[in-house]
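>>> any chance you can model this:
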Amino acid sequence: MDEKKLHRVLTCIDARLPESIRVDELAAEAQMSPFHFARMFKKAVGHPPHDYITRLRMERAKNLLAEGKMSLREISKNVGFQTQAHFSGVFHKRVGMTPRTYRLRHLRDGDAVQNETLSVPAQRPEPAVLTAAHALEASRAESS
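As a prediction, this is how the structure comes out:
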């Protein structure tokens, strides 16, 4: 998949993350058949489209949970889940704890760090999700 198409698809995913995103819609954006698109997307990004979208949603959810400003219901809608129950189930499966537990641990860790006035970030590094920039860079490196 060329860089322009990949960038267009990744931008579309990012813009539509709160919505339902189907592979055939992304394939149309890249002007490819759904089957060919799925293979080329995985080759370029390292993950199948659905898995990439879910990973991106989980990263966005973790950031929103860490902020502590939105309810779980609002976060679930904001990251593209129809129900809080579905969001909680996917989050637990992917992250290893419920969204509520993640929020409480993050806030507790953040408070402890702030109280000790350490220069260590309150949020522990999480496994990286490939961003649009990373995907383009990986695609360029693969082409060379």
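
>>> what does stretch 33-43 rub up against?
Residues external to stretch 33-43 that are found in contact with it (CB atoms under 8 Å, 6 or more residues apart in numbering): 1, 6, 9, 23-24, 26-27, 30, 32, 48-49, 52, 142. From N, CA and C alone the C-beta is placed, and that goes for glycine too.

>>> in it, what counts as buried?
Buried positions in stretch 33-43, judged by neighbour count with 16 or more other CB atoms under 10 Å: 34, 37-38, 40-41.

>>> what does stretch 14-24 give?
For stretch 14-24, a neighbour-count test (16+ other CB under 10 Å) marks 21, 23 as buried.

>>> neighbouring contacts of that stretch?
Stretch 14-24 is contacted by residues 12-13, 34, 37-38, 49-50, 53, 56-57, 60, 77-80, 132 when judged by CB under 8 Å, 6+ apart.

>>> please apply the same query to stretch 49-66.
Outside stretch 49-66, the residues touching it (CB under 8 Å, 6+ apart) are 13-14, 17, 21, 23, 26, 37-38, 41-42, 45, 47, 70, 75-76, 78-81, 87, 90-91, 94-95, 99, 102-103, 106-107, 110, 123, 126, 129-130.
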